[in-house]
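K.L.:
Just need the structure, nothing else, for what follows:
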Amino acid sequence: MARSYKQGKYEVQNWDKYIGTKTPRYLSSYEKSVFEFLDRSPAVKKWGSEVVVVPYYNTVKQRKARYLVDIYVEYENKHGIQKELLEIKPYNQTQPVKKGNKKESTYIEESLTYQQNTDKWKAASKYAEERGWKFKILTERSIFR
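P.N.:
Next up, the predicted model:
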């Protein structure tokens with residue numbers, strides 16, 4: 001999906017809602033689409049890109065590390081103000097790696113990346129839960145439905 005690799009700076013329209021200190025950068029067209037939605041949605045009260053850092057243990061590198069979650073958002077719904085951490089990934093990167101016809105080196109690299117991501121996501125889920133927030137992984141399947 002070439003669509004997911006578009007990168008650039010997002011021109012924020014509603015700076016009163018954006019909580020970052022500088023213009024956010026999107027690393028995929030999926031991120032850009034979510035930025036646009038958050039920026040324009042009247043239900044969204046605050047949002048920021050890479051403004052929350054979650055400490056985690058990287059089992060691949062066997063050391064402590066820091067995870068910059070893609071998005072922090074506060075929005076209002078019928079239950080009041082909700083706070084969430086959002087990670088945006090292509091769907092295939094959220095699934096365990098299958099060997100298929102891949103070269104061994106590609107399979108190993110993708111497997112290690114998937115392991116690092118699951119370490120991050122477990123830590124982010126716990127971090128959010130401890131604060132009464134939610135953690136969600138968004139893919140093209142949830143963004144564009």
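
K.L.:
Hmm, K61 and L112 touching each other?
P.N.:
No - checked against CB atoms under 8 Å, the pair L112 and K61 is beyond contact range at 9.3 Å. The C-beta positions use only the backbone N, C-alpha and C, and glycine is treated the same way.

K.L.:
number of nearby residues for F37?
P.N.:
13 (other CB atoms under 10 Å).

K.L.:
rewinding a little: more neighbours: which of L112 and K61?
P.N.:
L112 (14 against 11).

K.L.:
can you tell me how far the more buried one sits from A124?
P.N.:
To A124, L112 is 19 Å away according to CB to CB, to the nearest Å.

K.L.:
Which parts of stretch 137-144 count as buried, going by neighbours?
P.N.:
In terms of neighbour count (16 or more other CB atoms under 10 Å), stretch 137-144 has its buried residues at I137, L138, T139, E140.

K.L.:
need the strands for the chain, in chain order.
P.N.:
Along the chain, the segments classed as strands by DSSP state E run 8-9, 25-26, 44-49, 53-58, 63-68, 71-77, 80-88, 134-138.

K.L.:
centroid residue for this protein?
P.N.:
Closest to where the C-alpha atoms of the chain average out (CA atoms, centre = their mean) is E87, at 1.6 Å.

K.L.:
quick one, longest helix in the chain?
P.N.:
Ranked by number of residues, the top helix in the chain under DSSP state H is helix 104-130.

K.L.:
Please work out the angle formed by the directions of that helix and strand 63-68.
P.N.:
Here helix 104-130 points in a direction 70 degrees away from that of strand 63-68 (axes from the mean of the first three to the mean of the last three CA atoms, to 10 degrees).

K.L.:
any idea of the mean pLDDT for helix 104-130?
P.N.:
Per-residue pLDDT values across helix 104-130 average out to 96.

K.L.:
so what secondary structure elements neighbour it?
P.N.:
strand 53-58, strand 63-68, strand 80-88, strand 134-138 (3 or more CB pairs under 8 Å, 6 or more residues apart in numbering; DSSP states H and E).

K.L.:
List the residue ranges of the protein that fall below the pLDDT cut-off.
P.N.:
Within the chain, the ranges that satisfy pLDDT under 70 run 1-5, 145.
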